[in-house]
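>>> Sequence and predicted model, in that order:
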Amino acid sequence: MNRIWTQTRSKTLNWFWRAALLLGGVMASAPQARAQTGASVTVDSRVDKAEITIGDTVRYTLRLSREARAQVRWPSLGANLGAFEIRNYHKPEPRTENNRILEEISYTISTFDTGRFVIPPLVIEYLMPPDTAWQALHTESLEIHVRSLLSSEAGDIREVKSPWELPRDWRRVVLIATLVGVLIVLAALGYVWWRKRQGKGLLPQRIEPQRPPHEMALEELAQLRTSDLLARGEIKLFYSLLSEILRRYFEGRYGLAALEMTTMELDRELRQVEPAPQACDEMRDLLEMCDLVKFAKFIPAHEEAALGLERATAFVESTKPVTLEASAQNGAPAAAAETNLINS
């Protein structure tokens with residue numbers, strides 16, 4: 001009986017010691033595994049704000065701590081950040097702290113959608129010598145709430161609001177109307193001043209039709225004949241007026257710049273438009289007589305003055321345009337009258 005109890009106690013003690021040794025081995029090996037994997041490389045991810053409005057930017061930062069002998073592979077620049085797009089990328093130089101190397105990468109991200117979005121986990125690979133196999137670390141997923149800039153009204157489509165009428169500034173309206181009125185008054189006064197300066201009235205004046213050149217010439221010759229210039233000894237003035245009357249008639253009748261021409265030039269131009277050479281000779285002699293009196297102080301007899309008036313009157317009468325009515329009254333054929341009209 002005692003032998004059986006002794007064997008049983010011995011077996012119980014053997015099983016107890018085996019369990020104790022097994023538990024002690026497990027407890028001794030677990031901290032060592034964490035030191036090789038978890039403590040050799042650690043990574044932390046964070047954002048500077050978890051709630052933004054649409055279009056705002058978020059700073060997404062990855063901070064990694066590793067041993068000096070560990071090698072690390074960071075995610076590529078175009079890493080998958082879900083609904084967020086990368087606006088900027090910054091990776092400062094690593095630094096050493098407590099015999100560990102600290103590295104950091106910052107992404108400036110943004111989105112133009114509203115709602116709740118998740119930045120998916122990023123994969124960071126590391127190699128811890130003497131191991132030859134690369135291990136992977138996954139960052140935590142982070143949630144960001146993107147709010148709209150619009151007011152929180154139910155639904156995106158709302159009723160069209162009635163037009164909002166701006167309040168009218170009556171003081172400004174009155175000021176503008178006053179300025180416009182002043183400008184109109186000034187413009188009217190300026191127009192009146194300009195019309196007076198031009199010798200014109202405010203209202204358009206009726207322009208009398210211009211009289212025929214021969215009527216004006218005959219009237220002026222008649223006035224010269226009845227004047228007392230010769231009786232008062234104003235011979236130079238008499239011949240000057242006679243020359244001007246004839247030259248104005250040549251301008252109106254033939255379209256010649258007679259007042260600006262010399263007698264020789266006027267004689268040459270007159271013979272090209274007047275078919276009667278004898279009449280041209282008489283006018284040349286008469287104008288030369290006028291030039292002698294005006295410029296050479298020649299004093300002709302009174303009979304020469306009367307003869308000059310008769311020649312001038314006869315030339316105007318013979319060269320004036322002939323109308324059909326005048327030809328019919330004089331008994332001239334209609335064809336001849338038409339010829340005279342065409343020649344004139």
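On my side now, so go ahead. Residues are numbered from 1 along each chain as shown.

>>> domains in the chain, as residue ranges please.
Here the domain parsing of the chain from automatic domain parsing is 41-147, 213-323.

>>> In JSON lines, list these along with mean pLDDT.
As requested, those are exported to JSON lines (pLDDT from 0 to 100):
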{"stretch": "domain 41-147", "mean pLDDT": "86"}
{"stretch": "domain 213-323", "mean pLDDT": "90"}
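
>>> For L179, find the nearest of those domains.
Of all the domains of the chain, it is domain 41-147 that lies closest to L179, at 45.4 Å by C-beta to C-beta. No exception for glycine: its C-beta is placed from N, CA and C like everyone else's.

>>> what's the offset of the closest one from the middle of its chain?
Averaging C-alpha positions (C-alpha atoms, centre = their mean, to the nearest Å) puts domain 41-147 51 Å from its chain's average.

>>> same question, stretch 230-240
The answer for stretch 230-240 is 71 Å, by C-alpha atoms, centre = their mean.

>>> How about stretch 187-199?
Here stretch 187-199 is found 36 Å from its chain centre; the criterion is C-alpha atoms, centre = their mean.

>>> got it, and stretch 252-262?
A distance of 54 Å separates the centroid of the chain from that of stretch 252-262, by C-alpha atoms, centre = their mean.

>>> do stretch 166-184 as well
On C-alpha atoms, centre = their mean, the centre of stretch 166-184 falls 28 Å from that of its chain.

>>> What are the contacting residues of that stretch?
Residues outside stretch 166-184 that contact it (C-beta atoms under 8 Å, 6 or more residues apart in numbering): none.

>>> Mind checking the pLDDT average for that stretch?
Across stretch 166-184, the average pLDDT comes to 87.

>>> As a markdown table, the domains of the chain with mean neighbour count and distance to S162 would be great.
What follows is these, written out as a markdown table (neighbours: other C-beta atoms under 10 Å; distance: least, C-beta to C-beta, whole Å):
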| stretch | mean neighbour count | distance to S162 |
| --- | --- | --- |
| domain 41-147 | 14 | 28 |
| domain 213-323 | 16 | 75 |
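
>>> With distance to G181 added, can I get the ones you listed in a markdown table?
Formatted as a markdown table, the domains of the chain follow (distance: least, C-beta to C-beta, whole Å):
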| stretch | distance to G181 |
| --- | --- |
| domain 41-147 | 51 |
| domain 213-323 | 49 |
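
>>> ok now do S40, which residues does it touch?
Going by C-beta under 8 Å, 6+ apart, S40 touches 66-67, 70, 126, 128.

>>> Among those, give me the pair with the biggest separation.
Spanning the widest gap among the contacts of S40 are E67 and Y126, at 9.6 Å by C-beta to C-beta.

>>> shared neighbours of the two, anything?
Common contact partners of E67 and Y126 (C-beta under 8 Å, 6+ apart): 40-41.

>>> ok, so what distance separates the residue lying closest to A257 once chain neighbours are set aside from E269?
Nearest residue to A257 in three dimensions, chain neighbours excluded: E251, at 6.7 Å (C-beta to C-beta, 6 or more residues apart in numbering). Relative to E269, E251 is positioned 11 Å away (C-beta to C-beta, to the nearest Å).

>>> Could you do R59 as well?
Taking C-beta to C-beta as the criterion, R59 is separated from E269 by 99 Å.

>>> all strands for the stretch 51-200 of the chain, in order.
Secondary structure of the stretch 51-200 of the chain by DSSP state E, counting those that start in this stretch: the strands cover 51-53, 57-66, 71-73, 85-90, 95-97, 100-110, 115-119, 123-127, 135-138, 142-147.

>>> Keeping just the C-alphas, turn the last one into CSV.
Listed next in CSV are the C-alpha coordinates belonging to strand 142-147 (Å, rounded to 0.1, in the frame of the first residue of the first chain):
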residue,chain,number,x,y,z
LEU,A,142,-7.6,56.7,-40.1
GLU,A,143,-11.1,58.2,-40.6
ILE,A,144,-11.6,61.8,-41.8
HIS,A,145,-15.0,63.6,-42.0
VAL,A,146,-15.3,66.1,-44.9
ARG,A,147,-18.1,68.6,-44.5
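
>>> Name the residues that touch that strand?
Outside strand 142-147, the residues that touch it by C-beta under 8 Å, 6+ apart are 45-47, 49-54, 58, 60, 84, 111, 113-119.

>>> partners of that strand, with directions?
With DSSP bridges as the test, strand 142-147 is paired with strand 51-53 (parallel), strand 115-119 (antiparallel).

>>> What I need now is those written out in CSV, including distance to E219 for each item.
Shown next, in CSV, are those (distance: least, C-beta to C-beta, whole Å):
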stretch, distance to E219
strand 51-53, 98
strand 115-119, 105
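
>>> N99: which of these is closest?
N99 lies closest to strand 115-119 among the strands paired with strand 142-147, at 31.3 Å (C-beta to C-beta).
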